[in-house]
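Peer 1: here are the coordinates; sequence isn't available:
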């Protein structure tokens, strides 16, 4: 059994957290980074990190899809992240999403302003960002780079190779998920990304081809990465776990 880390998981959305964690431990998952999306979920992941100390680690942030419903409380949402970073290992899930459905409700400029606030918090606290970048890959990269942020992981990356090369050159990471089993752009990104800057994740509890992901599925992600990169399971598990430990300061 290989030791792996789920670096992007919405554990607060799991139906039975205790059983999910037991299953993950039994599968070889040695740590979980639980990502919040807004004030409510940020509170829950902080509580989970306290309850499952040294196993669950909190990432807190303001997610682009939560912005429209928080227009009157954005300042409070941002301040909560700032005030609680001492209890978190990462600012996330944050970023931009240019899907038309969202842009009609939350403009690109508004999303950028919130994302800039999140980046500055990460810079001030010297922690990484866990970035959602759908259809906004280049803008996400440029904002992070221009702000002088040195630590970031572009989660479930499906963007162009040109931006991926900039991510590599900038010293940032991407995280592979179960889409590495079937999604053309994500598979390409995993193949192209150096192992030294690659992480594993599940994005629990998202559905992949009818399967609801759980942290234990990090092992499936590992298998998919090994197949794509034609590398040994032990080598990929060891390196991606070391990458995660270093980036998130997980002992």
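Peer 2: Good, I have the coordinates. Small disclaimer: the values here were computed from a predicted structure and weren't measured. Numbering: from 1, shown residues only.
Peer 1: next one: the helix or strand harbouring residue 42 to chain centre, how far?
Peer 2: Taking DSSP states H and E as the criterion, residue 42 maps to helix 39-51. Mean C-alpha position of helix 39-51 versus that of the full chain (CA atoms, centre = their mean, to the nearest Å) differs by 16 Å.
Peer 1: which strands and helices sit next to the helix or strand following that helix?
Peer 2: As assigned by DSSP H and E, the chain's next helix or strand after helix 39-51 is strand 56-60. Applying 3 or more CB pairs under 8 Å, 6 or more residues apart in numbering; DSSP states H and E, one finds that strand 56-60 contacts strand 29-35, helix 39-51, strand 90-95. From N, CA and C alone the C-beta is placed, and that goes for glycine too.
Peer 1: Could you tell me the angle between the second one and strand 90-95?
Peer 2: Angular relation of helix 39-51 and strand 90-95 on a 0 to 180 degree scale: 150 degrees, by axes from the mean of the first three to the mean of the last three CA atoms, to 10 degrees.
Peer 1: tell me the mean pLDDT for helix 39-51?
Peer 2: What helix 39-51 shows for mean pLDDT is 98.
Peer 1: Name the residue most distant from the centre of this structure?
Peer 2: Each residue of the chain has a distance to the centre, and by CA atoms, centre = their mean the biggest one is for residue 72: 26.2 Å.
Peer 1: On the pLDDT front, check it for me.
Peer 2: For residue 72, pLDDT reads 90.
Peer 1: Next, it: secondary structure please.
Peer 2: coil (DSSP: H, G, I helix; E, B strand; the rest coil).
Peer 1: Please renumber the chain so that the first residue is 30 from this point on.
Peer 2: Renumbered: residue one is now 30, and that last one reads residue 101.
Peer 1: before we move on, the earlier item: how about residues contacting the helix holding residue 71?
Peer 2: The contact list for helix 68-80 (CB atoms under 8 Å, 6 or more residues apart in numbering) reads 39-42, 46, 63-65, 85-90, 99, 102, 105-106, 109-110, 113, 116-117.
Peer 1: Among the helices and strands packed on strand 85-89, show me which one is buried the most.
Peer 2: For those, ranked by mean neighbour count under the definition mean count of other CB atoms under 10 Å, the leader is strand 119-124 at a mean of 30.
Peer 1: how much distance is there from it to the middle of the chain?
Peer 2: For strand 119-124, the distance to the chain centre is 7 Å (CA atoms, centre = their mean).
Peer 1: again, but for stretch 193-211
Peer 2: Per CA atoms, centre = their mean, the centroid offset for stretch 193-211 relative to its chain is 11 Å.
Peer 1: avg pLDDT for it?
Peer 2: 98.
Peer 1: What are the buried residues along it?
Peer 2: For stretch 193-211, the neighbour count (16 or more other CB atoms under 10 Å) marks 193, 195-197, 201-210 as buried.
Peer 1: got those as TSV, with distance to residue 140 columns?
Peer 2: Below are the buried residues of stretch 193-211 laid out as TSV (distance: CB to CB, whole Å):
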residue	distance to residue 140
193	22
195	20
196	20
197	25
201	20
202	22
203	21
204	21
205	25
206	22
207	26
208	23
209	27
210	30
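Peer 1: and of those, the nearest to residue 246?
Peer 2: residue 207 (6.0 Å; CB to CB).
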